[in-house]
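A.B. asks: here's my sequence, what's the structure:
(one chain, ligands or ions: 2)
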Amino acid sequence: MKKQRALLIIKPDGVQRGIIGKIITRFETVGLKIIGLKFEWATKEKVITHYPETDAWFKKVGERTLTNYEKKGLDAKSVFKTNDAVAIGKIVKSWLIEYFQESPVFLTVVESYDCIEIVRKLSGNTIPVMAAPGTIRGDFSHDTIDLANEQNRPLRNLIHASDTVEDGEKEIKVWFNDEELFDYELAAEKFMYKI
Ligand code: ATP
Ligand code: MG
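C.D. replies: Ligands and ions are numbered 1, 2, ... in the order given. Here you go, the predicted model:
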């Protein structure tokens, strides 16, 4: 079985709230190997490349808004001037570009077997108010889509975690050079797995 890698980004709200250590500890404690770490002030170009520029991604994000508004009897048009999911997704992406530049972000690359499933599980639901207790978003944040959109900003949900192996590899290339990633043996691996 092959190991996987994932990119984690502690977003500006996580950095500014002083919980970088608390968040990273959760990934370390579960046994993921940290192979890269750095602090960086994101550029507009990097954020644009980091989040997919595809209609499929815009649609997913837009539909999340539409579903939430429908459930609460709200009209997306009042904020977005449109009910088109792709158009809404594009607006959310423009907000993400601003959000990511509000403060430096903390970048980490982790490696393990089933790494993607683990980082998504520990991060919790994208919408903090729906994230289960015990997850990072559930324990440390409480934002909602309606409040975020009313304030013309994306959900402040502390962390980004890669959600597929392929996207993870693409994202790692956006933020890290090969020399910044370390290939080494972690003592704990001998005991977690039968090596
Ligand atoms: P991330 O990619 O940051 O790990 P995710 O994979 O859980 O988060 P995505 O669907 O990729 O969620 O959305 C990227 C980010 O865009 C979210 O983390 C959140 O900050 C913001 N976002 C997504 N959907 C909405 C929305 N409907 N309204 C406001 N912000 C949103
Ligand atoms: Mg995502």
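A.B. asks: quick check: pLDDT value at K44.
C.D. replies: Note on K44: pLDDT of 98.
A.B. asks: my read: it touches Q101, true?
C.D. replies: Yes. Between K44 and Q101 there is a contact under Cβ atoms under 8 Å: 6.9 Å. The C-beta positions use only the backbone N, C-alpha and C, and glycine is treated the same way.
A.B. asks: can you pull the contacts of D55?
C.D. replies: V86 (Cβ atoms under 8 Å, 6 or more residues apart in numbering).
A.B. asks: between K44 and Q101, point out the one with more neighbours.
C.D. replies: Using other Cβ atoms under 10 Å, the more surrounded residue of K44 and Q101 is Q101, with 16 against 11.
A.B. asks: measure the residue lying closest to the more buried one once chain neighbours are set aside to V30 for me?
C.D. replies: Leaving aside its sequence neighbours, Q101 sits nearest to A42 (Cβ to Cβ, 6 or more residues apart in numbering; 5.6 Å). Distance of A42 to V30, given as Cβ to Cβ, to the nearest Å: 26 Å.
A.B. asks: helices and strands around the host helix or strand of V86, which ones?
C.D. replies: Per DSSP states H and E, V86 falls inside helix 85-99. Judged by 3 or more Cβ pairs under 8 Å, 6 or more residues apart in numbering; DSSP states H and E, helix 85-99 is in contact with helix 44-50, helix 55-72, helix 77-80.
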